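Student: Here is a sequence together with a model predicted from it:
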Amino acid sequence: MKNKILVIILLSIATLTNAQKMITMSKEKLKDKIMGGWAGQTIGVTFGAPVEFKFNGTMINDYQKIPWYNGLLHKTMTNSPGVYDDLYMDLTFVEVFEREGLDAPVESHAKAFANAGYMLWHANQAARYNILQGIMPPASGHWLNNPHADCIDYQIEADFAGLMSPGMPNAASKISDKIGHIMNYGDGWYGGIYIGAMYSLALVSNDINYVVNEALKTVPKQSKYYECISDVIRWHKMYPDNWKKTWFELQQKWTNDIGCPDGVFAPFNIDATINSAYVVLGLLYGKGDFTKTMEITTRCGQDADCNPSSAGGILGAMLGYKAIPAYWKLGLKEIEDMDFKYTSTSLNDVYEIGTKHALLNIERNGGKVSGNMISIKSQAPSVVRFEESFEGHYPLDKKWIGKNLENDIELEFEGNGFVVKGESKPKEGSSWDSKSEKFAQIEVYLDDKAIETVKLPIRFTTRRHEICWKYQLSDSKHKIKLKLLNPDPEVNCYLSELVWYSSKPQQAQTIRTFGPYKKQ
């Protein structure tokens with residue numbers, strides 16, 4: 001018994017010592033690494049943009065060239081500014097911190113995000129709508145209020161949390177607990193927690209394997225997200241020289257989307273779990289080589305610009321700006337003074353602001369800044385709380401509707417949850433502009449009981465991503481009735497599909513829709 005107690009005490013001391021280890025570096029080195037993180041994101045998203053969601057459920061073949069040339073960055077920044085959602089989303093939160101300080105309340109971040117001029121999709125747009133309708137975080141990102149809670153959104157926006165928390169993954173998680181729940185929950189939130197932790201550790205470590213493994217300690221082991229990333233690490237050990245083998249293993253086990261109404265029953269997958277797996281796959285098989293990391297991560301397909309943006313940012317933070325190969329910095333200087341659209345911040349601005357925020361965060365977490373030297377009180381990663389989206393919900397079927405709601409419509413399904421997809425939009429030939437405040441309003445009945453009155457703006461930036469949804473129902477037959485309350489000659493309320501769920505997983509089965517073959 002005494003020996004057991006002694007071992008526990010020694011382990012506790014070792015853990016405490018590790019958690020309180022001081023890491024020293026110069027301001028110049030830290031700034032170079034932070035610059036590498038922001039530049040790496042920009043390079044990665046630009047590189048992958050031409051193939052984003054053009055290879056769903058398949059890898060991009062080796063013979064298909066993905067272009068990279070001097071002038072591509074400027075061309076993309078000028079002509080396709082929407083490509084940089086990975087950057088201007090981060091910068092929204094960075095700008096709030098800059099205006100209000102590191103203790104800026106989540107409400108400030110939520111309002112800045114919801115009222116920004118950029119277009120959004122999936123969990124981000126669902127959260128924006130919720131916030132504009134008075135549903136504030138964390139409710140705005142919760143799966144009962146957001147069918148996209150497990151989507152990739154905060155994963156692509158969490159870079160800033162890690163970059164302002166060098167060697168302090170728990171400080172990054174604290175920031176992400178607040179801001180990540182604006183738009184995500186469960187595995188979707190873990191995507192941002194994990195990416196933020198990898199950035200944090202990459203700023204103080206040159207070992208990719210260490211960063212990937214150590215950062216995973218922030219994620220609860222009982223989560224699907226943890227299991228998926230653990231699988232990538234395990235398969236990398238089994239097939240260390242064949243990234244495609246690991247990719248195929250991922251396809252077999254982890255490509256079944258559950259929550260996203262656009263991803264169920266489709267090869268499209270914007271789920272944080274599988275896309276995080278592609279980031280990790282690229283980092284591990286890239287082995288610290290920027291070109292290999294970009295190529296592999298992008299060629300995994302699906303969200304093929306956001307994933308190399310995350311991988312490029314993490315590796316850029318590890319290598320530092322100066323060590324990113326010159327080939328990948330072609331044309332970078334030309335755009336570093338250009339503000340990202342919808343922001344008042346350029347790369348050169350965020351190099352300075354990001355370093356400033358990191359220094360402030362180091363000091364508030366027990367570190368010291370003295371002259372040109374910095375002492376960081378490193379943190380042993382701590383696991384965040386467990387949460388799970390869509391528990392007990394399994395996609396069962398979908399039905400095409402394909403009609404405008406004229407007066408009312410009834411839909412039937414058997415299961416424990418549903419989503420009606422569609423949109424409110426201007427009628428063809430109507431006179432309207434992109435700033436129109438017109439909307440459709442519908443009343444939703446479930447089993448003859450009114451459950452919701454829904455406002456459906458026709459503006460793309462303020463729209464509701466789906467028409468309506470409801471989960472956690474009794475697994476039985478249900479009837480949905482949608483009633484249009486405000487017919488408008490200039491507005492259509494278009495219903496596209498009904499997706500519904502069961503409380504039990506479905507087994508694959510072949511449905512014969514033809515008679516027996518007879519030889520003629």
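Tutor: Cool, the structure landed.
Student: helices or strands up against the helix or strand harbouring residue 193?
Tutor: Counting by DSSP states H and E, the element that carries residue 193 is helix 187-202. Applying 3 or more CB pairs under 8 Å, 6 or more residues apart in numbering; DSSP states H and E, one finds that helix 187-202 makes contact with helix 27-48, helix 159-163, helix 169-180, helix 208-215, helix 224-238, helix 272-286, helix 306-319. C-beta here means a position set from N, CA and C on the backbone, and glycine is covered the same way.
Student: want to try a markdown table for the ones you listed, with distance to residue 199 as columns?
Tutor: Shown next, in a markdown table, are the helices and strands packed on helix 187-202 (distance: least, CB to CB, whole Å):
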| stretch | distance to residue 199 |
| --- | --- |
| helix 27-48 | 6 |
| helix 159-163 | 3 |
| helix 169-180 | 7 |
| helix 208-215 | 9 |
| helix 224-238 | 15 |
| helix 272-286 | 11 |
| helix 306-319 | 6 |
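Student: so residue 112 sits in a helix?
Tutor: Yes. Counting by DSSP: H, G, I helix; E, B strand; the rest coil, residue 112 is part of a helix.
Student: show me the contacts for it.
Tutor: 92, 93, 95, 96 (CB atoms under 8 Å, 6 or more residues apart in numbering).
Student: these two touch, right, the second one and residue 160?
Tutor: Which is residue 93. Yes. Counting by CB atoms under 8 Å, residue 160 is a contact partner of residue 93 at 5.8 Å.
Student: More neighbours: the two, which one.
Tutor: Neighbour count, other CB atoms under 10 Å: between residue 93 and residue 160, residue 160 has more, with 29 against 23.
Student: tell me the SS of the residue nearest to residue 257 when sequence neighbours are not counted?
Tutor: Sequence neighbours aside, residue 263 is the residue nearest to residue 257 in space, at 3.5 Å (criterion: CB to CB, 6 or more residues apart in numbering). Local secondary structure at residue 263 is given as coil here, using three-state DSSP.
Student: Need phi/psi at residue 263.
Tutor: As for residue 263, its main-chain torsions (degrees, to the nearest 10) stand at phi -100, psi -20.
Student: any idea how far it lies from residue 489?
Tutor: Counting by CB to CB, to the nearest Å, the gap from residue 263 to residue 489 is 35 Å.
Student: next one: residue 68
Tutor: Following CB to CB, the distance that separates residue 68 from residue 489 is 50 Å.
Student: ok, what's across the strand from residue 455?
Tutor: Counting by DSSP bridges, residue 455 forms beta bridges with residue 441.
Student: Could you report the pLDDT at it?
Tutor: Residue 455 is assigned 97 on the pLDDT scale.
Student: That one contacts residue 441, doesn't it?
Tutor: Yes. With contacts counted by CB under 8 Å, residue 455 reaches residue 441, the gap being 5.5 Å.
Student: what's the first-to-last distance across stretch 104-120?
Tutor: End-to-end distance for stretch 104-120: 23 Å, by CA to CA, to the nearest Å.
Student: same check, this time on stretch 235-242
Tutor: 10 Å.
Student: How about stretch 319-337?
Tutor: Start-to-end, stretch 319-337 (CA to CA) is 22 Å.
Student: residue boundaries of the strands in the stretch 251-400 of the chain?
Tutor: 368-370, 373-377, 394-404 (DSSP state E, counting those that start in this stretch).
Student: most tightly surrounded among the ones you listed?
Tutor: Mean neighbours per residue, mean count of other CB atoms under 10 Å, is largest over those for strand 373-377, with a mean of 19.
Student: neighbouring strands for that strand, and are they parallel or not?
Tutor: strand 22-26 (antiparallel), strand 368-370 (antiparallel).
Student: In this structure residue 38 contacts residue 348, no?
Tutor: No. Contact criterion CB under 8 Å: residue 38 and residue 348 do not qualify, at 9.7 Å.
Student: about what we covered before: point out the one among the strands of the stretch 251-400 of the chain that comes closest to residue 354.
Tutor: Nearest to residue 354, of all the strands of the stretch 251-400 of the chain, is strand 373-377, at 14.2 Å by CB to CB.
Student: circling back to that earlier point, dump the strands paired with strand 373-377 to JSON lines, plus distance to residue 319 and mean pLDDT.
Tutor: Shown next, in JSON lines, are these (distance: least, CB to CB, whole Å; pLDDT from 0 to 100):
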{"stretch": "strand 22-26", "distance to residue 319": "14", "mean pLDDT": "97"}
{"stretch": "strand 368-370", "distance to residue 319": "23", "mean pLDDT": "96"}
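Student: Mind checking those for the one nearest to residue 131?
Tutor: When the strands paired with strand 373-377 are compared (using CB to CB), the closest one is strand 368-370, at 35.7 Å.
Student: For that closest one, which outside residues touch it?
Tutor: Residues contacting strand 368-370 (CB under 8 Å, 6+ apart): 27, 359, 362, 363, 374, 375.
Student: could those go into JSON lines alongside pLDDT?
Tutor: Formatted as JSON lines, those follow (pLDDT from 0 to 100):
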{"residue": "27", "pLDDT": "98"}
{"residue": "359", "pLDDT": "98"}
{"residue": "362", "pLDDT": "98"}
{"residue": "363", "pLDDT": "98"}
{"residue": "374", "pLDDT": "98"}
{"residue": "375", "pLDDT": "98"}
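Student: Just flag the most distant two among those.
Tutor: 27 and 363 (12.7 Å).
Student: Can you list phi and psi of residue 185 for me?
Tutor: Backbone dihedrals for residue 185, given as degrees, to the nearest 10, come out at phi -150, psi 160.
Student: Double-check it against residue 138; I have them as touching.
Tutor: Yes. Using CB under 8 Å, residue 185 is in contact with residue 138, at 7.4 Å.
Student: quick one on the thing from earlier: share the number of residues neighbouring the residue nearest to residue 257, please.
Tutor: For residue 263, using other CB under 10 Å, the count is 24.
Student: Could you double-check that it lies in contact with residue 272?
Tutor: No. Contact status for residue 263 versus residue 272: not in contact, 11.4 Å apart, counting by CB under 8 Å.
Student: which parts of the helix holding residue 193 are buried?
Tutor: Applying a neighbour-count criterion of 16 or more other CB atoms under 10 Å, one finds 187-202 buried in helix 187-202.
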